[in-house]
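Colleague: The following comprises the amino acid sequence and a computationally predicted model.
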Amino acid sequence: MKLSKVTVVDYRTSNLLSITKALESVGAEVKLTQDAAEIAGAERLVLPGVGAFGAAMRNIDSLGIREALVKYGRSGRPMIGICLGMQLLFGVSYELGTNSGLGLLTGEVVAFPEVTVLKVPHMGWNQVEFRRDSRLYSGVHDKEYAYFVHSYYVTTNDDYVSGLTEYGVTFPSIVEDGSIFGIQFHPEKSQSFGLKILENFLSV
Amino acid sequence: MLAKRIIPCLDVNAGRVVKGVNFVNLTDAGDPVETARFYEEEGADEIVFLDITASVDNRETMMGVVKRTAETIFLPLTVGGGIRTVEDMRRILSNGADKVSLNTAAVRNPELIARGAGEFGVQCIVIAIDAKRVSLGDRKAAKPGQAASDELIREAGAPVEYEVFVNGGRTRVGLDAIGWAKYAVSLGAGEILLTSIDRDGTNSGYDIELLRKITGEVKVPVIASGGAGTLEHFYDAIKDGNADAVLAASVFHFGKFKIKQVKNFLHEKGITVRL
C-alpha cells in the first residue's frame, strides 16, 4: 500500500498520540509539525484540537503559523479540522470571550444554550445524519454513532453542512467547502466509523 | 440522540489486569491491552483503567499500558488511581488517555480539580466518588487526620445520608457525597463516576436512590458503578437513576453478560444505545 503523507499541526494543546495512530492505522505516514514552512509544503493537513479556542489561537500565533494555515487552506490542498480544530476554521468564537479564528469558513462558534435540560459538555456517542453526499462518506452509513466531547458548536451557512447531529439543538457535525473539511467529533475515538472517515480523507 | 454508555472497568496492578478476567477467545486474559481490545470488539463505549498499584515502579509500567492501549484501540480511555498532581494528569493524558479520574487526591486537595480543568479542560476531569449510606446511629465523625478539611466540609457539607470514603473505600472523611459532587462540579469536574460501596461486588443492583440524588443535583454526566448483577440493573440505573453511563467489572470479566447483550436488552426497552 502506498502511504499517504499527512502533516498534523502540533500547536501544543492536544495529545497527538491517538490521532497519529489512527491516521497510521488507515495508511498515513504522519509528520507532526509546528513549522510554517512545513505547513506551506504539506500535501494533506490535519488540524487537531482539544482545549479552549482562545488558548489555541494564542498558541498558533506564538508559533507564527496563523498565516501559513490560512494560506494552506486557500491553496486547494486537502485540510481537515477535528473537534476544536474544526471550530478554528471559522471566523469567530464566543468561548471565554470573543476570539477570532482562521476565517477559512464563514460562521461562528457558540455555546450550547443553557435553557435545555441537557448536560454540557456534550460528551459521548451521538449520531451523524448525512445532509448530502460527501467524499468522506464512502463505506460508512448514515446515522452512525461518533464520539463527541465539546461545549461549543458551529453555526454556519447551510451550504457547508454535510452532517448534522442533534443535542438540544441540531448542529453541524461535519462541514466542508471544497478541499476544507471540519468534523466536530473525534474520529480517533469513534472506532471503525471514525477510522473510515479518516481513511476517506486520505483519498480526497 | 446521545447514547447511554456501557463501560467495562479494568483494575490494573503491575501491568496486569487483576480481579480475574475470565474469557474465552482471549490468549492472555491478564494483559490490559488485549482485554481492552476484546471489549472494544464487544461494543464497549469507553474503557476505564483503575491503577491499583502502590509502588512508583509500577506507575511507570502503567504509563506503558496506557500508551499501548491508546495506540491499539480507538475508543475513549479513562485512567484513575494514584493521581495526585497536575503533572500526573499531564503524563497520563500525554500517553493517550482522554480523561483522568481523581478520587482521594481531590478530597485532600480540591484545588486540584480546578487546576486540572484549567489546564486540560473540564471534559478531561472525572471525579470518582465512593459513597456509603450512613445511618443516624452510625454517624461518627471521621478520625482526626483522615477527615476532610474544615473548609471543604463548609463548602460541600457534612454527611447527611451518604458519606464519601477515600483510599479505596477504607477511610471515611466526614463529607456529604451529594454536597461533594456539587462542589467538585463547581470547581470544574466534567463527569462523576459514582460508586456505591454498599452495592459494590454484591450483584444486587446499583444504588438507585444515591444515583437519583446525585443526577438530580449536578449538570454533568454521571456514571453509575457498583452492584450490577442482572440486565435489569443496568436498565434501572439509566431509567430510574438517570445515569448517563453504566460501569461494571465482574459481570463482564466473568462473562456473565456480553456487552452486546446488555445493549440489546436496553435497546429493546427503549433506551438509546450505540449498537
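Modeller: Yes, it's here. Numbers count the residues shown, from 1 in each chain, chains lettered A, B, ... in the order given.

Colleague: For the nearest residue to residue B:98 once chain neighbours are set aside, give me the pLDDT.
Modeller: Leaving aside its sequence neighbours, residue B:98 sits nearest to residue B:76 (C-beta to C-beta, 6 or more residues apart in numbering or on different chains; 4.6 Å). For glycine as for every other residue, the C-beta is placed from the backbone atoms N, C-alpha and C. With respect to pLDDT, residue B:76 has a value of 96.

Colleague: Residue B:183 and chain A: what is the separation?
Modeller: 18 Å (C-beta to the nearest C-beta, to the nearest Å).

Colleague: next structured bit after the helix or strand containing that residue?
Modeller: When elements are assigned from DSSP states H and E, residue B:183 belongs to helix B:177-187. As assigned by DSSP H and E, the chain's next helix or strand after helix B:177-187 is strand B:191-196.

Colleague: is that next one anywhere near chain A?
Modeller: Yes. Residues of strand B:191-196 contacting chain A under C-beta under 8 Å from any C-beta of the partner chain: residue B:191.

Colleague: what sits up against the helix or strand that that strand is followed by?
Modeller: Where DSSP H and E defines the elements, the next helix or strand beyond strand B:191-196 is helix B:208-215. For helix B:208-215, the external contacting residues (C-beta atoms under 8 Å, 6 or more residues apart in numbering or on different chains) are B:129, B:131, B:133, B:161-162, B:177-178, B:181, B:192, B:194, B:196, B:222, B:224, B:236-237, B:240-244.

Colleague: which neighbours does the next helix or strand after helix B:208-215 have in its sheet, and in what orientation?
Modeller: Using DSSP H and E, the helix or strand that follows helix B:208-215 in sequence is strand B:222-225. Strand B:222-225 sits in its sheet next to strand B:191-196 (parallel), strand B:245-248 (parallel), going by DSSP bridges.

Colleague: Same list (these) but as JSON lines, adding distance to residue A:130.
Modeller: Shown next, in JSON lines, are the strands paired with strand B:222-225 (distance: least, C-beta to C-beta, whole Å):
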{"stretch": "strand B:191-196", "distance to residue A:130": "30"}
{"stretch": "strand B:245-248", "distance to residue A:130": "27"}
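
Colleague: hang on, the earlier thing: now which of the contacts of helix B:208-215 would you call buried?
Modeller: Buried residues within the contacts of helix B:208-215, counting neighbours by 16 or more other C-beta atoms under 10 Å in any protein chain shown: B:129, B:131, B:133, B:161-162, B:177-178, B:181, B:192, B:194, B:196, B:222, B:224, B:236-237, B:241, B:243-244.

Colleague: From residue B:174, how far off is the closest residue in space to residue B:200 that isn't next to it in sequence?
Modeller: In space, and not counting its chain neighbours, residue B:200 is closest to residue B:226: 3.8 Å by C-beta to C-beta, 6+ apart. Separation of residue B:226 from residue B:174 (C-beta to C-beta, to the nearest Å): 21 Å.

Colleague: of the two, who's got more company?
Modeller: The neighbour count for residue B:226 versus residue B:174, taken as other C-beta atoms under 10 Å in any protein chain shown, is higher for residue B:226 (25 against 21).

Colleague: which intervals of the chain have sub-threshold pLDDT?
Modeller: By default, I'm working from chain A. A:1-2, A:14, A:116-117 (pLDDT under 70).

Colleague: Wait, chain B was what I had in mind.
Modeller: Applying pLDDT under 70 to chain B picks out residues B:19-28, B:54, B:136-145.

Colleague: How about the residues of it by chain A?
Modeller: So far as C-beta under 8 Å from any C-beta goes, chain B lies against chain A at B:1-3, B:5, B:40, B:45, B:67, B:70-72, B:74-76, B:93-96, B:98, B:120-124, B:190-191, B:219-221, B:244-245, B:274.

Colleague: Filter those down to the ones in strands?
Modeller: Using DSSP state E, the members of these that fall within strands are B:5, B:191, B:245.

Colleague: Would you mind confirming that the second one makes contact with residue B:221?
Modeller: Yes. Contact between residue B:191 and residue B:221 holds when scored by C-beta atoms under 8 Å: they sit 4.9 Å apart.

Colleague: Residues in contact with both of those two, list them for me.
Modeller: residue A:123.

Colleague: higher neighbour count, the two?
Modeller: residue B:191 (27 against 24).

Colleague: Any idea what the nearest residue to residue A:174 once chain neighbours are set aside is bridged to?
Modeller: By the measure of C-beta to C-beta, 6+ apart, the closest residue to residue A:174 outside its immediate chain neighbours is residue A:163, 3.2 Å from it. For residue A:163, the beta-bridge partners are residue A:130, residue A:174 (DSSP bridges).

Colleague: Flag every residue of chain A that's near chain B.
Modeller: A:15, A:17-18, A:21-22, A:25, A:50-52, A:118-127, A:145, A:147, A:149-151, A:166-167, A:186, A:188-191, A:194-195.

Colleague: Go through those residues and flag which are in strands.
Modeller: Reading strands off the residues of chain A next to chain B with DSSP E, I get A:122, A:123, A:124, A:125, A:126, A:127, A:145, A:147, A:149, A:150, A:166, A:167.

Colleague: what about the third one, distance to residue A:185?
Modeller: To tie it back to what came earlier, the one meant is residue A:124. 10 Å.

Colleague: intersection of neighbour lists for the two?
Modeller: A:147, A:148.
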